[in-house]
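Student: Below: sequence and its predicted model.
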Amino acid sequence: MPSYVLQDKCDGCKALDKTACQYICPNDLMVLNKDKMKAYNREPEMCWECYNCVKICPTQAIEVRGYADFVPLGATVTPMRSTDSILWTVKFRNGSLKRFKFPIRTSPEGKAEPTGGFATHDDLSSPALYTEPEALGLKEVATISK
Amino acid sequence: MANFETVEVTTDLLIVGGGMAACGAAVEAAYWAKKNGLKVTLVDKAAVDRSGAVAMGLSAINQYVGLRDGQNTMKDYVDYVRNDLMGVTREDLVFNIARHVDSTVHLFEKWGLPIWKDANGAYVHEGRWQLMINGESYKVIVAEAAKNALGLENIYERVFIVGPIMDGERCVGAVGFSVREEKFYIFKAKAVLVAMGGAVHVFKPRSSGEGLGRAWYPPWNSGSSAYFTLKAGAEMTCQEVRFIPVRFKDAYGPVGAWFLLFKSRATNGLGENYMETNRPELEKWQPYGKVKPVPANLRNWLMMLDVQEGKGPIYMRTEEAISKIASSEGDEKAAKKKLKELESEAWEDFLDMTISQAILWAATNTAPEEKASEIAAAEPYFIGSHSGASGAWVSGPKDVAPEEYFWGYDCMSTVGGLFCAGDASGASSHKFSSGSHAEGRIAAKAAIRYIVDHPDGINYDANSIEELKKEILKPLDTYTEFSSKTVTPDVNPDYILPKMFMFRLQKIMDEYAGGVSTGFTTSENLLKKGLDLLGFLKEDQEKLAAADLHELMRCWENVHRMWQAEAHVRTLLFREETRWPGYYFRADKPSMDHENWDAFANCKFIPEKNDWEMIKRPILRVYAEN
Ligand SMILES: Cc1cc2nc3c(=O)[nH]c(=O)nc-3n(C[C@H](O)[C@H](O)[C@H](O)COP(=O)(O)OP(=O)(O)OC[C@H]3O[C@@H](n4cnc5c(N)ncnc54)[C@H](O)[C@@H]3O)c2cc1C
Ligand code: SF4
Ligand code: SF4
């Protein structure tokens, strides 16, 4: 089904004007059924299983069922994403479980500083981009004598 | 006509797209724009946090030259790319990206991207040029820096860009529509930077039914860069150089970590290593057959030969690779620990960038340490930033480019004020995520310089924009007019829905232009027939219908794909040789023809004539030949 929404868990993002899943899906697949106040994937066959809707849903209402045209039934892969790491639970068709935890960022959310703290310069006509050459870790930008 | 409000936005630099190249362009442009009192606006069809090919995350940064630590030289990278592309590369462009990419990677690290480090604090390499990362949030982090630099008020999300606005020979903006509300957008700008990625679903994918979206390349990049630049009248290059990745079969999980980091082998159904048994074939493709690493298309080719002979399935020997690494650990305890580590690394590789592959392994009870997994060639894609090369023909940098390749501003196409980066610019492959970001930065700085040098106002014909609006919204009108004629709206004699339009395109490309079903093989006669059929499809564009905004976007995505397809077919026809077996094979011209085709095959759409021009350009090098 690729991504699908659980009736009991979706609360339509509490009727806010933008639902989280609709906001994030890179392929514009998630929409809200306004009568039921439940979201759904309107074109499952165009889903990349990128899990962005799954990761962002505040009520864990979205799951993924592997593409039925080539994936045997019975497995699940479930993420829990926090501000600095992600925890994955992989359930096999035969019932066995694996868990993995990986870091996702080393800085506080929202704070990425465009210059990264590197020194910059004012020369619009030089080949050096902003923060260069310092950000390269070199004394100057490479060139070739023609 | 559908009653859409027209919204006009006036800016100095317009960045179309919000992926890796666009985010690089955003940080760089914001910096120089501030110094020069200019405005920068970015438009993405999706949400910048998770748009483009890196939306899911990545597990590696594929381009890092390592100049700081003296790991490689600039020439090493240029040689690598030229050889991998069978000689057809703009060395000046590759050089330009490579000299800046490390600074982009160092910025990523400062912004918070976790890059693996060894015990000495050095980056962990996957291969010579690749760095391992914990990349689940790669795009989120890169987008964050872009948003912080530009300011949210300068970013338009969920606006689908259809095409360019021209002032004579100069590009001065773009038109599009919101996929959330009934608004038609006109963006007026002094320069436009195109970074809307490559294209997928031009060819029929191997997957079917609900798995249709499972292409290696994400279904939301649909050839908008190619359409935009072609329609502006820009010269295009390498439109024949598609990319066919060999990946874990069906779910397309990455193989890089297995081949490079874990040093795995791939073998056929008989247990033979096709890279050894088919090695004599490489003789035919000299001088590139002898380079190391063997070019990607030739590696594909050696595998395909086995598949054609019925020697499949082809397996990645994960079990062998893992046991080899674990057993080299000495004692049993250390081996166990290593095994655990490898298992986690293997799964993260999938979970960071191709979660479907993790589902497939779990659903087939696959433990990589116990059994091998199938690999296969996917369908063709257009991704000039990776191992394909299609994109616009752009100016090189002043200090490096040969004269013929330099016309004033880095990354500017042959159309004034129209800049291209990432998948949108051609003949500079192997830039990947990091190099695309770096190229976005190069293009943005040059675009700001262009704007400073061209301060005059811009003009465009308001009537022609009104016409364009009508044309763009027409599928909605068509639907309104005709859909009630039949009991269900899906089959109707007066229109075609975008999905069926896409299927027709895919069938044509698959069968005539060397898709999966013909084993990536085509010929002059097949291509000519394909062009005929594309001609009918082009006429039927008039009859596209859309029930809502989402479908309107689907209509235009498929028109974009169709133009990418036509540029591809015309260039396949033009280049009368086979140079990239493993990407495509011209059965009527089965070998390389250095004498005539050691050249770029370029093309150009000429709006006034509604016709195409094919152009051969010389390959000029920046380093003396060795
Ligand atoms: C499966 C896969 C695995 C990869 N693995 C790696 C890896 O491990 N390491 C690595 O370094 N690189 C990797 N790459 C390559 C990397 O993802 C690309 O090189 C890079 O994303 C190219 O950047 P781009 O800006 O050109 O395109 P993208 O990043 O794809 O961005 C395109 C942007 O354009 C927008 N857009 C498209 N059409 C329109 C429109 N009509 N209107 C408005 N906006 C539009 C999209 O929403 C998106 O924001 C991988 C690519 C793929 C597909
Ligand atoms: S994000 Fe979750 S809760 Fe909100 S609408 Fe979507 S499925 Fe429902
Ligand atoms: S998994 Fe990705 S492509 Fe599929 S619906 Fe969710 S966000 Fe969209």
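Tutor: Yes, it's here. Since we're looking at a predicted model, the values are computed, not measured. Ligands and ions are numbered 1, 2, ... in the order given.

Student: Distance of B:Arg180 relative to ligand 1?
Tutor: 13 Å (Cβ to the nearest ligand atom, to the nearest Å). Where you see a C-beta, it was placed from the backbone N, CA and C, and this is true even at glycine.

Student: was I right about that residue contacting B:Leu549?
Tutor: Yes - at 7.1 Å, B:Arg180 counts as touching B:Leu549 under the criterion of Cβ atoms under 8 Å.

Student: and the closest residue to ligand 1 within chain B, how many neighbours?
Tutor: Across chain B, the shortest distance to ligand 1 (Cβ to the nearest ligand atom) belongs to B:Gly19, at 1.7 Å. Neighbour count of B:Gly19, defined by other Cβ atoms under 10 Å in any protein chain shown: 34.

Student: who touches the residue in chain A that ligand 1 sits nearest to in this structure?
Tutor: Nearest residue of chain A to ligand 1: A:Pro26, at 6.3 Å (Cβ to the nearest ligand atom). Residues in contact with A:Pro26 (Cβ atoms under 8 Å, 6 or more residues apart in numbering or on different chains) are A:Trp48, A:Cys50, A:Asn52, B:Ala46, B:Ala47, B:Arg50, B:Ser51, B:Gly52, B:Ala55, B:Pro218, B:Trp220.

Student: same thing with B:Ser425?
Tutor: B:Leu93, B:Gly384, B:Gly391, B:Ala392, B:Val394, B:Cys411, B:Ser413, B:Glu439, B:Ala443.

Student: which ones are touching the residue nearest in space to the middle of chain A?
Tutor: Compute the mean C-alpha point of chain A, and by Cα atoms, centre = their mean the closest residue is A:Asn52, 4.2 Å away. With contact taken as Cβ under 8 Å, 6+ apart, A:Asn52 is in contact with A:Ile24, A:Cys25, A:Pro26, B:Arg50, B:Ala55, B:Met56.

Student: Over to B:Glu369?
Tutor: Neighbour list for B:Glu369: B:Thr318, B:Glu319, B:Ile322, B:Ser323, B:Leu339, B:Leu342, B:Glu343 [criterion: Cβ under 8 Å, 6+ apart].

Student: at 10 Å what do you get?
Tutor: By Cβ atoms under 10 Å, 6 or more residues apart in numbering or on different chains, the contact set of B:Glu369 is B:Thr318, B:Glu319, B:Glu320, B:Ala321, B:Ile322, B:Ser323, B:Ala326, B:Leu339, B:Leu342, B:Glu343, B:Ala346.

Student: Now do it, the pLDDT please.
Tutor: Here, the pLDDT recorded for B:Glu369 equals 90.

Student: Kindly report the same for A:Val31.
Tutor: A:Val31 carries a pLDDT score of 96 in this model.

Student: Parallel or antiparallel, list what pairs with the helix or strand it falls within.
Tutor: Assigned by DSSP states H and E, A:Val31 belongs to strand A:30-33. Sheet pairing of strand A:30-33 (DSSP bridges) gives strand A:38-41 (antiparallel).

Student: in the strand it pairs with, what's buried?
Tutor: Within strand A:38-41, the residues that count as buried by 16 or more other Cβ atoms under 10 Å in any protein chain shown are A:Lys38, A:Ala39, A:Tyr40, A:Asn41.

Student: Show me what residue of the stretch 101-250 of chain B gets nearest to ligand 2.
Tutor: At 15.1 Å from ligand 2, B:Arg180 is the closest residue in the stretch 101-250 of chain B, using Cβ to the nearest ligand atom.

Student: I am finished for the moment; much appreciated.
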